[in-house]
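**Student:** I would like the atomic coordinates for the input below:
(one chain, ligands or ions: 1)
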Amino acid sequence: MRVVSATERVWRQAGALPGPRVLVPTMGALHAGHVALIRRARQLAGKKGSVLVSIFVNPIQFGPREDLARYPRPRREDLAICRREGVALVFAPEPSTMYLPDHSTYIDESILSAGLCGATRPKHFRGVCTVVGKLFHLLQPHFAVFGEKDYQQLAIIRRMVRDLHFPVQIVSQPTVREADGLALSSRNRLLTPDERQAAPVIRRSLLQAAENFAKPRANLKKIVHTLRTQLEQAGGRVDYVEIVHAESLAPLIRAGKPAVIAVAVFFGNTRLIDNLQIV
Ligand code: AMP
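**Tutor:** Next comes the predicted model:
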C-alpha cells in the first residue's frame with residue numbers, strides 16, 4: 001500500500017494504478033461505516049482494479065466555531081485498517097499543500113446546499129464540493145463511494161458531478177449502525193458516556209416518525225414536532241428536523257415519496273446527523 005501526501009506526485013501515481021480505480025473520500029478516524037465503503041469499493045474495483053482512500057480533515061468545510069481542532073486524527077490506526085482492507089493507495093495531504101495561502105477558487109453548488117445542514121453551516125458544502133472536486137482531479141477515479149448517512153452531501157456530490165461533467169460514477173452505501181441504532185460516526189468518540197447513552201434516541205424517533213408518515217392523512221408538522229420533542233427530552237439540542245423530497249431536498253408539505261426525514265442534533269458539543277429514507 002502506498003501512502004502519498006504530495007499533491008504534485010499523486011496525480012501520476014494514481015493514474016498509473018490499474019483501473020477501475022475506486023475512491024473512498026474520508027476525513028479519517030475510520031470506523032465500520034468507512035470499512036463498508038472500502039469493501040464496496042473493493043467489489044467495484046474487482047480483481048484487477050484499485051481502491052484509493054483519501055484521509056483529509058478538510059479545513060474549509062468547517063465553520064469558525066466548529067470542531068476542526070478537536071476532530072480525531074488516529075493516523076496509525078487508519079493506515080492499518082486501509083492496509084488490512086487491500087487499499088492500493090492512501091492519499092493523506094497536508095492542508096498547506098491542498099490550499100495555498102492565496103487560493104481563491106471554489107466549487108459552489110447553489111440549490112441543494114441551501115437548506116438542512118447548509119442553513120446553519122453556510123460554507124460547509126462549498127468546502128465539501130471543492131475538496132471532492134480536487135480529489136477527483138488528483139486521483140482520477142472511475143467510481144467514488146459515499147455514505148447515505150450524509151444524505152445531503154451525497155445529493156450535492158451527484159449534482160456537482162452531473163453539472164460539471166466529472167467522468168466519475170457515484171455509488172452510495174447504506175448507513176452502518178451500532179447495535180442500539182446510533183449511526184457510526186467519527187464524532188461518536190467525542191461523546192461523554194451520558195451523551196452516548198442518550199444518542200440512540202435519534203434512530204428510535206426517526207423510526208417512529210417514519211411509521212407515522214406512512215399513516216393515512218399523516219400530519220407532517222405534527223411528526224416533525226414530535227420528533228423534535230423526543231430529541232429535546234433526551235437532552236439533545238436540535239439544529240433541524242425536516243422532511244424533504246429525496247431528490248430536490250425541498251421541504252414537503254404533504255406526505256409523499258420519495259422522502260427523507262433528516263435530523264441534526266447536538267449532544268453536548270457534538271453535532272450528530274442521521275436520516276431515514278422513505279422510498
Ligand atoms: P467522513 O470521514 O465522516 O467524512 O465520512 C467519509 C464517508 O464515509 C462519507 O461518504 C460518509 O457518508 C461515510 N460514512 C460516515 N459514517 C458512515 C456510516 N455510519 N455508514 C456508512 N457510511 C458512513
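**Student:** tell me the mean pLDDT over stretch 90-108?
**Tutor:** The pLDDT scores in stretch 90-108 average 98.
**Student:** Return that stretch as CSV; C-alpha atoms alone will do.
**Tutor:** As requested, the backbone C-alpha atoms of stretch 90-108 are provided in CSV (Å, rounded to 0.1, in the frame of the first residue of the first chain):
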residue,chain,number,x,y,z
VAL,A,90,-3.9,6.3,0.6
PHE,A,91,-3.8,10.0,-0.2
ALA,A,92,-3.2,12.0,3.0
PRO,A,93,-2.2,15.5,2.0
GLU,A,94,-1.3,18.4,4.3
PRO,A,95,-3.8,21.3,4.4
SER,A,96,-1.0,23.7,3.3
THR,A,97,-0.5,21.8,0.1
MET,A,98,-4.2,21.4,-0.7
TYR,A,99,-4.8,25.1,-0.1
LEU,A,100,-2.1,27.6,-0.9
PRO,A,101,-2.2,30.8,1.2
ASP,A,102,-3.8,32.8,-1.7
HIS,A,103,-6.1,30.0,-3.0
SER,A,104,-9.3,31.6,-4.3
THR,A,105,-11.2,29.1,-6.4
TYR,A,106,-14.2,27.1,-5.1
ILE,A,107,-16.9,24.8,-6.4
ASP,A,108,-20.3,26.1,-5.1
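**Student:** Distance of the closest residue to L116 other than its chain neighbours relative to the ligand?
**Tutor:** With sequence-adjacent residues excluded and distances taken as Cβ to Cβ, 6 or more residues apart in numbering, L116 is closest to Q152, at 4.9 Å. (Glycine included, C-beta is placed from N, CA and C.) Taking Cβ to the nearest ligand atom, to the nearest Å as the measure, Q152 and the ligand are separated by 10 Å.
**Student:** Now do I111: how many residues are near it, please.
**Tutor:** Per other Cβ atoms under 10 Å, the neighbour tally for I111 reads 12.
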